Structure formats: C-alpha cells, structure tokens
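K.L.:
Sequence first, predicted model second:
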Protein chains: 2
Amino acid sequence: MTIIDVARAARVSVASVSRVVNGHTNVTPGTRQRILEVVDRLQYVPHLTARSLITKRTHVLGVVLPDLYGGFFSELIRGIDAAARELQLHVLLSSSHGDAKEMAAAIRAMHGRVEGLLVLAPELDAAELGKIDADVPTVFMNSRVDDGVSSSLAIDSYRGARAMIRHLVACGHRTIAHVTGPADNFDAHERERGYRDELAASLPAARPLVVRGDFTEASGYAAGQELARTRPRPDAVFAANDMMAIGCLAAFDALGLAVPADIAVTGFDDIPLAALVRPALTTMRVQIVELGRGAVRQLAATIAAPGTKRAITRFQPELVVRESCGTADRRAQVVNPPPVRDGDHDAQMPPRHDSRTPRPRTGHAPRARRRARHR
Amino acid sequence: MTIIDVARAARVSVASVSRVVNGHTNVTPGTRQRILEVVDRLQYVPHLTARSLITKRTHVLGVVLPDLYGGFFSELIRGIDAAARELQLHVLLSSSHGDAKEMAAAIRAMHGRVEGLLVLAPELDAAELGKIDADVPTVFMNSRVDDGVSSSLAIDSYRGARAMIRHLVACGHRTIAHVTGPADNFDAHERERGYRDELAASLPAARPLVVRGDFTEASGYAAGQELARTRPRPDAVFAANDMMAIGCLAAFDALGLAVPADIAVTGFDDIPLAALVRPALTTMRVQIVELGRGAVRQLAATIAAPGTKRAITRFQPELVVRESCGTADRRAQVVNPPPVRDGDHDAQMPPRHDSRTPRPRTGHAPRARRRARHR
DNA sequence: CGTAGAGATGTAAACGATTACATGCGGACC
DNA sequence: GGTCCGCATGTAATCGTTTACATCTCTACG
C-alpha cells in the first residue's frame, strides 16, 4: 500500500513511481504504463501526511469559529466551503471557542497541519492576538484585531447601524431604543456606536435608550419585555441582530403590543428567518457567503505569495425594508439591490420573497384576532 | 522551531524533549523544567504532520457531505462538531459532491490525513460504494449503502412518512398528495414508499397522487402550483421535506388558497423555519444534531477498537402538530414528547412555542441561549 | 569508433517527530 | 568493593513521501 510496494511490484524505483503519480514528464511511456497498472491494481493512494511533511504543503485551511449555531455560521461555512472547493483546498474546522485561551489551544492543535488560518473572533482584542501562531498566514473576519500584518474582512457594522437609524427616523420614529449584543463583541460594539452617533446626528434632542443583550433570541425577548415597560415607551427598537429582534417581536406579541403599529422593530444580518417571521423583519442585509468566500480567497492569495500586501475589506450591509419598521409602503423592498446569490437561479421560483406581498399569510390581523381569543 | 532546536537550546537530546512535550514521566524534574522553559521561550509547537506520520494518529475525522445548504446540514455539522470537540477530534470538511466520482476523489484527497470517514451520501448506492477507501473506518449516515462492515445511522424516513399520513387521515383528509425529493435520494425514496404504503393501508380507495420535487423551496412552489390546478384538488399535501412544504405554502398563498382550511400542508425535518412560518408547519421532527453526534461517537468507537461489531442505528422522527395540517385543535403539540436537549433549561424564556398559541417565534426558544452569541 | 550530451532511472537525503534500544550513572545489597 | 538493578538520557531507526544528484543508456556526431 505504500510507494515502495508499488515500486517493487512494478520493478522500478520509488522515484519513478513518485514521478508518475505526480504527473512529471520525464518517464518513458512504457514505464509509466506499467506503474499506472500497478497503482490501479494495488489501489495505491499516496499518503498525504507523508507528502505534506516533505513538500510543506497541506492544502488545508484552518477555520476557527467561536460557535456554530444559527444562520450566520451556516452561511459563512457555505461561502468558505465554496471558495475552498474552487481552490482545491480542504477545510479543517474548529469551533465553539469561548475565550482566547481555548482558541489558542485550537490553533496550536492545527500547527503544521494547515497552511493558513481563518479566524472569526469578534471577542478577541489585540492583546490576545499574540497567541495566534505567528508563522502561519492568517485572515481575520469581523474582528477588532489588527496585527499590522494580516488581512481582514469585515462587515461595516457601524455604517449599517447608522443607515438603519436614519431609516427609522425617516419612518417617523422619534424614540428609538437599541438592544446590544455581548459586551465584548466587536460587531455589537460597532452597532451600538453607530446607533449612538446617528441618533445624536439625526435626533439631537433624543436620549439614547440602550438595553443589553447577548445576540440570543432569549435575550431579545427579555429586552423586549423591559422596553415595553419603559416610560415613555420607545416607538422603535433597533436590535443588534435578527435573533434578538425576533425575540422582541415575541415579547411584544405576548404583551399585546402591535408591531409596527405600536412599536417598530428592526434587526441586523438578514438571516433567512428574517423574511419569514410575521411581521417580516426590516433589517440590514449582510453578505455572509461573500464574506467567507472572500476570506478564503484572500488567505489563499497570501499563502501563494507570502509577500503580498495585506488587504482590509469592508462589506457594506444593505437596508432591507420589510414590515416591521412601519414604513408607509408595506411591501418589502431592498434599498440597494441584492447581489445574486447561489441557488437563486431557478426559473420556477416566484420573485424574491422580499418583493412580494407577505406570505405565506398576510399580516397580523388574523394573528391579532387569534391572540385576542386566546386571552 | 523544531524539536532539534529545542534540544540544542536545552542541551539535551530530542528524545528528552519529546518525552517532556508528551508528558512522559521518566524525566528528571530539573531536566523537565529546563526543557519547558526553552519550549516556552522558543514558542515551540510540535509539527503535527510529522507526529502523525510516525504515530499513525491524526485525530482528524473526514466528513463528506453532498451539499451544505439548508437548515439540515448546518444542524448536522453542529452535532458533528460538538461530538468531535468532546472527543478531541478535528473535522476535515468536504462537501458539495454531486456524484460518486467526485465523492471518491474527495475521499482520496483525505487518505492518510483522516482516521475515519463520516459519509452522508443519500444518493449513492452499493455499486458506487466500492470507491470508498477500504482501509479507513467509515460510518454512513442516511444512506442505502450497506457494505456489511460499516456502521450506519439513519432517520427512519419510512415510518415517519407513514405516521404523517396516518395523522392526516386522522385529521379527516381523504385526498392526500405527495411531493417527492430527488429521484435518486434514499430518504426521498423512503418517504415516498411510506406515503404509498400507508395510503394503501389507511385509505384503500384512494389513489396516490405524486408530484416530483427536489427538496428545494422552488420545486415545492412549482409542485404547489401544479397541485392547486389538479382536479379533484387534494385536500392535503405531504411534502418530503420542510423546504418544499414552505414552497407549497407560498404557492397556495399566491393562488388564494387558505392553509389549512382549503388545503393542508405538512413537511418533514422540523427545521427551525418550520415553527416560524405562518401557518406554522406540521412536520416530522428529526433529531439532526443527534444524528451527527451519534455518527461521530460511533466512528470514534470504531477507530478505537477496530474489531467492534458494526451498529445500525435508526432514529425515529416525531410528529409535531402545528397549524398547517388542519387538525381540530389548533394548538401545536408534539405527539411524542421531544427528548431533552442540551441547554433546555433557560428560565428566562417563555414556555415552548409548540404548546402555546402561535406567535412569530420558534419552538426552539430554549436552544436560543446557545445561539450565535459570539458573532 | 569514440565521446558528448540528453534523457531515463536509481540512490539516498531530507521532512520532524516518536520510540526501541543502548548507554551511563548511582545506590543497594552482599 | 563488586555486582546488579533501576532510572535518566542519548542514539538512531522509522513513518511514506519528494527530489537533488548520481548513474546509466542510447543516440548523434565528429
């Protein structure tokens, strides 16, 4: 099963076998033929670990994620996987790392096995960065980290948040609350900063109203309960991600508050769920697949040409207006046209859900009725 | 950066360094101390490829999937990842393999790099199985493949489908159509078989009405349009998965058909979306995370003890009754109580959605706390 | 016919670890 | 004091490849 067995069986040296297997040209057609036959008969497959040891190429990318739950990560992995396939690279996955120590351990566990690292660590700061393996090319995603060397790709959460607040103000809302993500999360921080700055710019008289969440639906629910009790009650809530916004919807529904009539709710990310809840969620669309894809490409480029200048890429989220923000026109609309996504090419499909009358069922009227009956 | 450098700097042999690094005991405390200091100072991390070559252990599992799209796969990966972490294993991911050749290539590209293979190939049959690397332990998931050696885990799609049809009949439906998955997909085939058998058993007079789909929402939409035109129009549609059921909902909504009043719709999988669409989808809950988790554990066991007798595990799906099937009682209910899942103990959250009046949120609330918090 | 040169093939040294075995040292026991 | 044993440490083989370099063969040309 090793190259030596093949060499013996074909009565050649291992070097010739290696040359044939790797497609080198300087081999006589006859010899090549004979070797190929033996390879086939013995079902020989090169041992990639051994090959990697000598070639120093593994064709494997390490992907380090904090967690795997939710639409965000599955989309991200999809993008990463797609790009990796294109580039003939494999992906070694490591996830659910709460803190820097755990993550450092995970990265150590990849040393010598991966050619590059893709790190999504929105909670890591520069101080903890030192633990990152210095001699393997790294690309950061959505991170505050900047080592001055590595490339990074990120969602422009700050501008996204400002755009959302601007929209809410344009819709006529004047008391706009914000539900934050985890305190140490970079995106959460940027979204809060955007909220505060735009509020100060657009509604100088308004005071920020901030409730802490942690990106989970449960925390959004709790925040919604709290905001519903607040006096004066806000007329709009901007949650730092869609899951929390959905939690808010649930809380308001349970308390008999109508969205958007009594209170508007918006989120961030545009996860698939956002278009399907009722009322459909106005949110900022983030190109998650592209983020993953771009990160892999960038990493591959850095690996191929180690001297390459680093690149800092920011993805601009797009406002997606649906029902929950209480705009005049109830049809959802994408303010910036959405990019074409994979799989969106089925001729059979109706237009994007976003641009249609809400479905599967319109509206909240029936829901309100049901709720009334229930109580 | 290699073990030799460390040995030199610590003025010992590589053997001693290796012993210290691997936690062997037969080393003098003084020597150990000295070596550890050097390791720390030089930031030495063992080269895992080299180590694997000699130890023949990589601690990596290869995971081969046909595609990465949809809630199903992200849940599956979550389960796989969780179990892998517990067992200190890494996951080498390879996905989007349409046919057997492509998959065989992917598996070849893992040879010598993984200790075991997790294969989800619902489209592969036994004939194509020969390409699977014979000398690496393999566990199949949801597959018709049976090589007589490997373990396998699967959803009992057949019984699930029968249970669903039985439920629809119990709800009073008499003309029940079925939207299938891809023709060569094992689960799709089993679900269709269950549909036909149970229909024959429960409603001997009824003729099967089958429309072909491919597990995508788009194909469900098309199937819904077709079924709406069929005369006599069916009063219930059982789609082979939730995505297609959601497509049906959209089609019926577009055509002004009320669900479930005019026509009932049910799915299969209980993806997170199922509880969130309106009307909420009656479906068969499949324990996707457990499937992935179980597969990893089984594989790890096989690797640890190669002689282990193979295990064939079938997961029984559970009927989850929500609104879309038109049962008398509109409250959602789980006919078989769901097993306790990790993290199901969040005090903050309201009661399970399934047991309450429908609201714009999920029945998975308790799981929410595990969600994407670190983004 | 001798020889240079091209091209095929073989030999052996890496790659970076682990570990069986050899060596050397000190203490215990007679 | 000599021998034996246990323990720390070192030497070198090994894992399965790739590839630089050596060698060998054959053709072409003077």
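P.N.:
That came in fine, so what should we check first?

K.L.:
From here on, just use CA atoms for contacts and neighbour counts.
P.N.:
Will do.

K.L.:
what's the nearest residue to the closest residue to DNA strand C within the stretch 251-375 of chain A if we skip its chain neighbours?
P.N.:
Ranked by C-alpha to the nearest atom of the strand, the top residue of the stretch 251-375 of chain A for proximity to DNA strand C is A:Ile303, at 16.9 Å. Leaving aside its sequence neighbours, A:Ile303 sits nearest to A:Pro137 (C-alpha to C-alpha, 6 or more residues apart in numbering or on different chains; 6.4 Å).

K.L.:
what sits up against stretch A:142-160?
P.N.:
A:120-126, A:129, A:137-141, A:186-187, A:190-195, A:284, A:286, A:291, A:294-295, A:298-299, A:310-319, B:375 (C-alpha atoms under 8 Å, 6 or more residues apart in numbering or on different chains).

K.L.:
Kindly check the end-to-end length of that stretch for me.
P.N.:
In stretch A:142-160, first residue to last residue: 14 Å (C-alpha to C-alpha, to the nearest Å).

K.L.:
Just give me how far that stretch sits from the chain centre.
P.N.:
A distance of 13 Å separates the centroid of the chain from that of stretch A:142-160, by C-alpha atoms, centre = their mean, to the nearest Å.

K.L.:
again with stretch A:220-232
P.N.:
With C-alpha atoms, centre = their mean, you get 28 Å for stretch A:220-232.

K.L.:
Now it: average pLDDT?
P.N.:
Stretch A:220-232 shows a mean pLDDT of 95.

K.L.:
How about that stretch and chain B, touching?
P.N.:
Yes. Residues of stretch A:220-232 are located near chain B by C-alpha under 8 Å from any C-alpha of the partner chain, namely A:221-222.

K.L.:
Drop anything exposed from the contacts of stretch A:142-160.
P.N.:
A:120-125, A:137-141, A:186-187, A:190-195, A:284, A:286, A:291, A:294-295, A:298-299, A:310, A:313, A:315-319, B:375 (16 or more other C-alpha atoms under 10 Å in any protein chain shown).

K.L.:
outside of the helix or strand that A:Glu198 is a member of, which residues touch it?
P.N.:
Element membership of A:Glu198, judged by DSSP states H and E, is helix A:186-202. For helix A:186-202, contacts defined as C-alpha under 8 Å, 6+ apart pick out A:122-123, A:142-144, A:157-162, A:165-166, A:169, A:178, A:180-183, A:206, A:208, A:240, B:375.

K.L.:
Among the residues you listed, which lie within helices?
P.N.:
A:157-162, A:165-166, A:169 (DSSP state H).

K.L.:
between these, which is closest to B:Ala222?
P.N.:
Proximity of the ones in helices among the contacts of helix A:186-202 to B:Ala222 (C-alpha to C-alpha) peaks at A:Gly160, which lies at 35.9 Å.

K.L.:
quick one: A:Val91 from A:His47, how far?
P.N.:
For A:Val91, the distance to A:His47 - C-alpha to C-alpha - is 18 Å.

K.L.:
More neighbours: those two, which one.
P.N.:
Each of A:Val91 and A:His47 has its neighbours counted (other C-alpha atoms under 10 Å in any protein chain shown); A:Val91 has more, 25 against 18.

K.L.:
any idea of the angle the host helix or strand of that one forms with strand B:90-94?
P.N.:
Assigning secondary structure by DSSP H and E places A:Val91 in strand A:90-94. Angle, strand A:90-94 to strand B:90-94, by axes from the mean of the first three to the mean of the last three C-alpha atoms, to 10 degrees: 140 degrees.

K.L.:
Strand A:90-94 - contacts with which helices or strands?
P.N.:
Here strand A:90-94 touches strand A:60-64, helix A:70-86, strand B:90-94, going by 3 or more C-alpha pairs under 8 Å, 6 or more residues apart in numbering or on different chains; DSSP states H and E.

K.L.:
packing partners for the first one?
P.N.:
Okay, so that is strand A:60-64. Here strand A:60-64 touches strand A:90-94, helix A:100-108, strand A:116-120, going by 3+ C-alpha pairs under 8 Å, 6+ apart.

K.L.:
now do 10 Å
P.N.:
Under the contact criterion of 3 or more C-alpha pairs under 10 Å, 6 or more residues apart in numbering or on different chains; DSSP states H and E, strand A:60-64 touches helix A:70-86, strand A:90-94, helix A:100-108, strand A:116-120, strand A:138-141, helix A:288-304, strand B:90-94.

K.L.:
which stretch among those comes nearest B:Ser13?
P.N.:
Nearest to B:Ser13, of the helices and strands packed on strand A:60-64 and by C-alpha to C-alpha, is helix A:100-108 at 23.4 Å.

K.L.:
For stretch A:54-63, C-alpha coordinates in PDB please.
P.N.:
Extracted in PDB, the C-alpha atoms of stretch A:54-63 (Å, rounded to 0.1, in the frame of the first residue of the first chain):
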ATOM      1  CA  ILE A  54       8.300  16.800   2.700                       C
ATOM      2  CA  THR A  55       6.500  19.300   0.500                       C
ATOM      3  CA  LYS A  56       5.400  21.500   3.300                       C
ATOM      4  CA  ARG A  57       2.100  21.900   1.600                       C
ATOM      5  CA  THR A  58      -1.000  20.500   3.100                       C
ATOM      6  CA  HIS A  59      -3.700  22.200   1.000                       C
ATOM      7  CA  VAL A  60      -5.700  22.600   4.200                       C
ATOM      8  CA  LEU A  61      -7.100  25.800   5.700                       C
ATOM      9  CA  GLY A  62      -7.800  26.000   9.300                       C
ATOM     10  CA  VAL A  63     -11.100  27.700  10.200                       C
END
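
K.L.:
which parts of that stretch are buried?
P.N.:
For stretch A:54-63, by 16+ other C-alpha under 10 Å, it's A:58-63.

K.L.:
Can I get the residues you listed in TSV including pLDDT?
P.N.:
Formatted as TSV, the buried residues of stretch A:54-63 follow (pLDDT from 0 to 100):
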residue	pLDDT
A:Thr58	95
A:His59	95
A:Val60	95
A:Leu61	96
A:Gly62	95
A:Val63	94
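
K.L.:
Determine which two of these are furthest apart.
P.N.:
Largest pairwise distance in the buried residues of stretch A:54-63, by C-alpha to C-alpha, is 14.2 Å, between A:Thr58 and A:Val63.

K.L.:
In this structure A:Lys309 contacts A:Leu299, no?
P.N.:
No. The pair A:Lys309 / A:Leu299 is not scored as a contact, 11.7 Å apart, by C-alpha atoms under 10 Å.
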